[in-house]
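Visitor: Structural data only, the sequence is not supplied:
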């Protein structure tokens, strides 16, 4: 049955370029909740010339590796090598700066969302626009390049995101899904295009310094979920699959950012719903009932892939520090002669954290590997802090580490709470939720809201973009309705309500965490 679905091309393929893994996910296009095959490739960013970056050669090597792994998985599980799909979708890390000249040549190395070098630009644009412009947004990177009088600005022809770049190479179309585009430049209230008044303000702002620059001309065209975004070309097919088995002509959905695919992967695209995506970074997306007044530096105003308004709380640092601790314990297990698989180590440590005290026994963990704007940090310094009377146990240490993943996020979420934003339920997804009931429970305590995790929680964004590929051609049906009727109707979802002791304990932890940020800032001055 599944083999015939794959052979006939009644499938949808989603590929997402995350911070540490490039993942591919194949689903039944008529039943997107049914995952047929997966593949992945590990990669890492580089810190070169004080900039976080990825080489474009690594992008293509990783894409080909992940796709080949998916094909091998399909053949192993179903006895079929896929050659075509009903639809294909590309998603990737949002924001950042990929600037090209008229010949399509990269002008400067890819500047990722992780860089915090755009402070003057972000502050100035926020004042001029009257809308919060975070450091990692593409327009902040562009204006910072203008302020710094970088020579490449005169040669700039177009600007895009990582998902937009890959999509253009595969299809020849310079377009972007509205969710990803909303992390480049503010979107109009209608949710279908950039804000024209702010486009005019930007061009007026740079007229003296860069008179040839028109932001309208350099940004990609905006599309909503479900709208056609081009087809796979012969060249694009060979880029993805050098073996020649992949056939061109496959329709592609609009390329999206990882925030949007996370919303889709959790079904959180309707007002009063939200999701938390925990990976290298961690962010919360809350779909709004009404606009939030004023400018809040902790909140990004973005959109769902369908163009509905969303409040985003984004933290540059997520689960990487916890992973580093798990790696240390993995080595200890090896040295002790009782080696454990990586997932087993994570499972043991997460389960142990359940035995910790509600406030982690006075221990505090800072997970800042890079700068963290919400915490006021230009650079990161991972720190683990305790006082002489803290209860230094493995359970408390691990609970502190998990709390540390959510702490900066919780600082930002305080703003939404103060503005009266109502959340009926949060959905969690990402690898940290794979161990049932641990991170989910602690997040419920941190957010003081019910947290749901579905049986696709660990699939995350790659599955989300595969679902958006399945949605291609269904634009007449609201995305939220499509997800309810065609994707999540039979899904298994586990919901955890906040435990009063966890809520009070995390509140005490967060107070210590906030008060100790002065030590983090001092540590960042040590070279």
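Guide: Okay, I see it. Since the structure is predicted, the reported quantities are computational estimates derived from the model, not experimental observations.
Visitor: so after the strand with the most length in the chain, what's the next helix or strand?
Guide: Looking only at the chain and at elements set by DSSP state E, the strand with the highest residue count is strand 31-42. Counting by DSSP states H and E, the element after strand 31-42 in chain order, helix or strand, is strand 46-48.
Visitor: so how far is the following helix or strand past that next one off the chain centroid?
Guide: Downstream of strand 46-48, the first helix or strand assigned by DSSP H and E is strand 51-53. Counting by CA atoms, centre = their mean, to the nearest Å, strand 51-53 is centred 17 Å from the centre of its parent chain.
Visitor: average pLDDT across stretch 331-346?
Guide: Across stretch 331-346, the average pLDDT comes to 94.
Visitor: buried ones in that stretch?
Guide: The neighbour-count criterion (16 or more other CB atoms under 10 Å) identifies 340, 345, 346 as the buried residues of stretch 331-346. To be clear about C-beta, it is placed using only N, CA and C from the backbone, and glycine gets the same treatment.
Visitor: Quick one: end-to-end length of stretch 69-85, please.
Guide: 16 Å (CA to CA, to the nearest Å).
Visitor: Surely residue 88 is in contact with residue 232?
Guide: Yes - assessed by CB atoms under 8 Å, residue 88 is found in contact with residue 232 at 6.4 Å.
Visitor: what residues are up against residue 3?
Guide: Residues in contact with residue 3 (CB atoms under 8 Å, 6 or more residues apart in numbering) are 78, 79, 80.
Visitor: Just the buried subset of these, please.
Guide: Here, 16+ other CB under 10 Å leaves 78, 80 buried among those.
Visitor: quick check: mean pLDDT across stretch 206-221?
Guide: 96.
Visitor: Off-centre distance for that stretch?
Guide: 27 Å.
Visitor: swap in stretch 282-301?
Guide: 16 Å.
Visitor: Distance-wise, check the closest residue to residue 466 other than its chain neighbours relative to residue 242.
Guide: Distance criterion CB to CB, 6 or more residues apart in numbering; nearest residue to residue 466, sequence neighbours excluded, is residue 14 at 3.0 Å. According to CB to CB, to the nearest Å, residue 14 and residue 242 sit 21 Å apart.
Visitor: and if you look at residue 28?
Guide: Residue 28 is 27 Å from residue 242, by CB to CB.
Visitor: So between those two, which is more surrounded?
Guide: residue 28 (20 against 13; other CB atoms under 10 Å).
Visitor: For the more buried one, which non-adjacent residue is spatially closest?
Guide: Nearest non-adjacent residue to residue 28 (CB to CB, 6+ apart): residue 34, at 4.4 Å.
Visitor: So what's the residue count around the one you found?
Guide: With other CB under 10 Å as criterion, residue 34 counts 14.
Visitor: Same question for residue 389.
Guide: 8.
Visitor: all helices of the stretch 351-500 of the chain, in order?
Guide: Assigned by DSSP state H, counting those that start in this stretch, the helices in the stretch 351-500 of the chain fall at 394-418, 439-447, 460-471, 479-482, 500-515.
Visitor: Next: the stretch 51-200 of the chain.
Guide: 56-78, 119-129, 138-147, 162-171, 178-181, 196-206.
Visitor: how far away is residue 276 from residue 351?
Guide: From residue 276 to residue 351 the distance is 21 Å (CB to CB).
Visitor: just residue 65 next, same as before
Guide: Taking CB to CB, one finds residue 65 at 33 Å from residue 351.
Visitor: and what of residue 492?
Guide: 21 Å.
Visitor: Looking at these two, which is more packed in?
Guide: Of the pair residue 492 and residue 351, residue 351 is the one with more neighbours under other CB under 10 Å, namely 15 against 9.
Visitor: For the more buried one, which residues are in contact?
Guide: 435, 438.
Visitor: Show me where the protein dips below the pLDDT cut-off.
Guide: 455-459, 527 (pLDDT under 70).
Visitor: With adjacent residues omitted, what lies nearest to residue 488?
Guide: residue 267 (4.8 Å).
Visitor: no, scratch that, I was asking about residue 278
Guide: Nearest non-adjacent residue to residue 278, counting by CB to CB, 6+ apart: residue 430, 4.0 Å away.
Visitor: these two touch, right, that neighbour and residue 277?
Guide: Yes - contact criterion CB under 8 Å: residue 430 and residue 277 qualify, at 5.5 Å.
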